[in-house]
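Trainee: Need a 3D model of the following:
(3 chains)
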Amino acid sequence: MPELPDVEGFRRFLARHAEGRRIVRVDVPDPAIVRNRTPQVLGRALAGNRFGSPHRHGKWLFAPVGDVELLLHFGMTGLLSWGEDDSDRDRYDRVILVCEGGELRYNNMRRFGGVWLARDEQERARVTGPLGPDAAGISRDSFERLLRNRRGGVKAALMDQRLIAGIGNLLSDEILWRARIHPARPVQSLTAVRRRRLYEALRAAVGESLRYGRVPHGARWLTRVRGDKHPACPRCGRPLRRSTIAGRTACWCPHCQK
DNA sequence: TTGCATGTTCCGGA
DNA sequence: GTCCGGAACATGCA
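Mentor: Here you go, the predicted model:
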């Protein structure tokens, strides 16, 4: 589930439920999911302090608590949930931040991703590694600048978090379908007109997804049909193709995307 | 039983 | 150094 729009949804969720609340204690049913501290150290660092205002960069969620920060990455199956008490916990709740009046749960079936603690911005940067500008706010100029020196295929470029942060497999296919660009096309083969179209498609797809807090399944979205047995292009009705590009299963329309 | 899944990282080879 | 493919990680589902 989690690409940029999903993580933005989690950010809003955390803000709505937990911001301003004091953490009482931290339960860690799956100690290995806490990546850079022991559960005991994490608990001591958080307990007694209040959640601040959460922020997001790409697929990372940062939740300040007192004078430290909780870093959350959701991998492929992560999510947040909230409960009034511990009665309806899920077997995949890996870290539970028990607050006054309820508990915030980090749930992750497949255990990619995880939870980190950072004492300052340097530590945060060490954990996340280099990240490009967030896809939701990238300017036309910086987009052009980033593509200028980029080699390799365009889908790989869109998904590279060091180049642009937040775009994953589904969104990259959605953006390329909108821009009518083949996912394997080399970045350097894109004309100025196509680069502009790509930028507009990125802003539109990311912007619209953000409003929903997920990649929508609307009528004019590839996401709605890409899981079908014989998916058809929502634009021209011809059969879509699937194959591995940049290490992931790409879905595109051979008629629309050149 | 096998293959595949919205993510990241590491390794080897071109 | 760059880029790509493949494997690994962990788990469930069709």
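Trainee: Do you have the strands of the stretch 51-200 of chain A handy? List them.
Mentor: Assigned strands in the stretch 51-200 of chain A, in chain order: A:55-57, A:60-65, A:68-73, A:78-83, A:93-99, A:102-108, A:114-118 (criterion: DSSP state E, counting those that start in this stretch).
Trainee: what would those look like in a markdown table with mean pLDDT and mean neighbour count?
Mentor: Just so you know, the C-beta spots here come from the backbone N, C-alpha and C atoms, and that holds for glycine as well. Output for the strands of the stretch 51-200 of chain A, formatted as a markdown table (pLDDT from 0 to 100; neighbours: other C-beta atoms under 10 Å):
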| stretch | mean pLDDT | mean neighbour count |
| --- | --- | --- |
| strand A:55-57 | 96 | 18 |
| strand A:60-65 | 97 | 22 |
| strand A:68-73 | 97 | 22 |
| strand A:78-83 | 96 | 20 |
| strand A:93-99 | 97 | 22 |
| strand A:102-108 | 97 | 22 |
| strand A:114-118 | 96 | 22 |
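Trainee: quick one, what contacts A:V206?
Mentor: A:4-5, A:135-136, A:166-167, A:171, A:175 (C-beta atoms under 8 Å, 6 or more residues apart in numbering).
Trainee: Whichever residue of the stretch 51-200 of chain A sits closest to DNA strand C and DNA strand B, how far apart?
Mentor: Nearest residue of the stretch 51-200 of chain A to DNA strand C: A:G152, at 2.4 Å (C-beta to the nearest atom of the strand). The gap separating A:G152 from DNA strand B is 11 Å, by C-beta to the nearest atom of the strand, to the nearest Å.
Trainee: Let me know whether that residue touches A:A184 as I believe.
Mentor: No: taking contacts as C-beta atoms under 8 Å, A:G152 lies outside contact range of A:A184: 9.7 Å.
Trainee: When those two are compared, which one has more neighbours?
Mentor: More crowded of A:G152 and A:A184, by other C-beta atoms under 10 Å: A:A184, with 17 against 13.
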